[in-house]
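**Q** 3D model of this:
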Amino acid sequence: MDEPAADAAASSPGPPTPAVVAVVVTHEPGPWFEESLRALATQDYSDLTVLVIDAGSRQDPTQRVAAACPSGFVRRIDVNPGFGAAANEVLETVEGASYLLFCHDDVELGPGTVQAMV
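**A** Below is the predicted model of the structure:
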C-alpha cells in the first residue's frame, strides 16, 4: 500500500475540516485487530486517514488492513522498537496533517469519536 498524504481537501461545502491521521501501532496483532480497523474505517469524519505502523511482526498485516479498512495504509519497520519509537515513524511518513491520533491495535473507537475530538 502507498504511504498517506494528508493534504486532500474535504469534499463537503463549508469550512474545510482539519486533516486527521489515525496512527495504529501494531506488533503481532491479535484477532481484535480487524474490529479496531473497522471502527476507524466507519468514523463519520470526512478527512481521516488511517496509517498502520507495523513494528516487526512476523506476518505482514497488509492484507488484514486492506480487508478491514480498504483506504488504510501500512508502513512496516523491521524491528519492534516499542510503541513510542514506532509511533515516531509517522514523522517521516505523513505531511500536512493537522492532528495525529495515536492508537494501539486493540482500541475500538465509538462511531463519532474523531468528530468529537476535532
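
**Q** Roughly how far does G56 sit from A97?
**A** 24 Å (Cβ to Cβ, to the nearest Å). Any C-beta I mention is one placed from the backbone N, CA and C, and that applies to glycine too.

**Q** Neighbour count: those two, which is higher?
**A** Taking other Cβ atoms under 10 Å, G56 and A97 do not tie; A97 has more neighbours (21 against 14).

**Q** quick one: average pLDDT of stretch 56-76?
**A** The average pLDDT within stretch 56-76 is 97.

**Q** neighbours around the nearest residue to S57 once chain neighbours are set aside, how many?
**A** Nearest residue to S57, sequence neighbours excluded (Cβ to Cβ, 6 or more residues apart in numbering): E28, at 5.0 Å. The number of residues packed near E28 is 14, by other Cβ under 10 Å.

**Q** helix, strand or coil for E28?
**A** coil (DSSP: H, G, I helix; E, B strand; the rest coil).

**Q** ok, now which ones touch it?
**A** E28 makes contacts with S57, R58, Q59, as judged by Cβ atoms under 8 Å, 6 or more residues apart in numbering.

**Q** Tell me the one of the residues you listed nearest D78?
**A** S57 (10.4 Å; Cβ to Cβ).

**Q** All the strands of this protein, in order from the start?
**A** 20-26, 48-55, 73-77, 99-104 (DSSP state E).

**Q** I would like the residues contacting the shortest one, please.
**A** Residues from elsewhere that reach strand 73-77 (Cβ under 8 Å, 6+ apart): 1-4, 49-57, 60-62, 65, 86, 89, 93.

**Q** Okay, angle between it and strand 48-55 too, please.
**A** For strand 73-77 against strand 48-55, the angle by axes from the mean of the first three to the mean of the last three Cα atoms, to 10 degrees is 20 degrees.
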